[in-house]
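> model the following, please.
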Amino acid sequence: MTDARDGYVQIYTGDGKGKTTAALGLVLRALGQGLRPAVLQFMKSDPSWGEIVTLKQLGVPVEQCGLDHWVFKGEASEEDLAAAAAGFAKARALVDGGEYDLVVLDELITAVFFELIPVDGVLTMMAAKPSAVELVMTGRRAPEELVAAADLVTEMRPLKHYYDAGVAARPGIEY
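Modelled structure (predicted):
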């Protein structure tokens, strides 16, 4: 039997909507049970997004470590790589520091796919994670190595989406 305080590694991946939303739902649940969550977003840089505003209002440490432009796979600039490396160093500090019970690394999996963060570094972080820390990572296209090493993996799969009918991203719903 496991202790209720054992922390696991969760991954939310896939092409469907809801990866960040699910992770932030865990943040709310953790707050309600007196746990200490922290959120770090990779590949995002807009502090006006609804989740950033609300997390700050709730007193949850949240930081974005993305730049204000899109990165194409295999075409990351030195600036992109430096920002990702600095973000990953912050992620390691959040996971290893002992201050937080739940650490959400939003879009880290996407940063791995776009070759901004090496998969081996993420595997090392996962293996060295303190046992009491729940680690949640989100993003499309989780590599098999991360899927195999995680304790829980959920794939979000779109069956139907209003984007396909031309609906644009809406404030408060998609961001």
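
> surely K19 and T13 touch.
Yes: counting by CB atoms under 8 Å, K19 sits close enough to T13 to count as a contact (6.8 Å). In this view, the C-beta of every residue, glycine as well, is placed from N, C-alpha and C.

> so what sits against both of those two?
Counting by CB atoms under 8 Å, 6 or more residues apart in numbering, the contacts common to K19 and T13 are T138, G139, R140, M156.

> phi, psi for the last one please.
What that stands for is M156. With angles defined as degrees, to the nearest 10, M156 sits at phi -80, psi 120.

> surely P171 touches V53?
No: P171 lies out of contact with V53 (CB under 8 Å); the separation is 10.6 Å.

> those two: who's more crowded?
Each of P171 and V53 has its neighbours counted (other CB atoms under 10 Å); V53 has more, 12 against 9.

> any idea which element the more buried one lies in?
Following DSSP states H and E, one finds V53 within helix 50-57.

> can I get that helix as PDB, trimmed to CA atoms?
Extracted in PDB, the C-alpha atoms of helix 50-57 (Å, rounded to 0.1, in the frame of the first residue of the first chain):
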ATOM      1  CA  GLY A  50      -6.500  33.800 -17.700                       C
ATOM      2  CA  GLU A  51      -4.700  31.000 -15.900                       C
ATOM      3  CA  ILE A  52      -1.700  33.200 -15.100                       C
ATOM      4  CA  VAL A  53      -3.900  36.000 -13.700                       C
ATOM      5  CA  THR A  54      -5.900  33.600 -11.600                       C
ATOM      6  CA  LEU A  55      -3.000  31.600 -10.300                       C
ATOM      7  CA  LYS A  56      -1.300  34.800  -9.100                       C
ATOM      8  CA  GLN A  57      -4.600  35.900  -7.400                       C
END
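
> who does the next helix or strand after that helix pair up with?
Scanning forward in sequence from helix 50-57 by DSSP H and E, the next helix or strand is strand 62-64. If you go by DSSP bridges, strand 62-64 pairs up with strand 37-41 (parallel).
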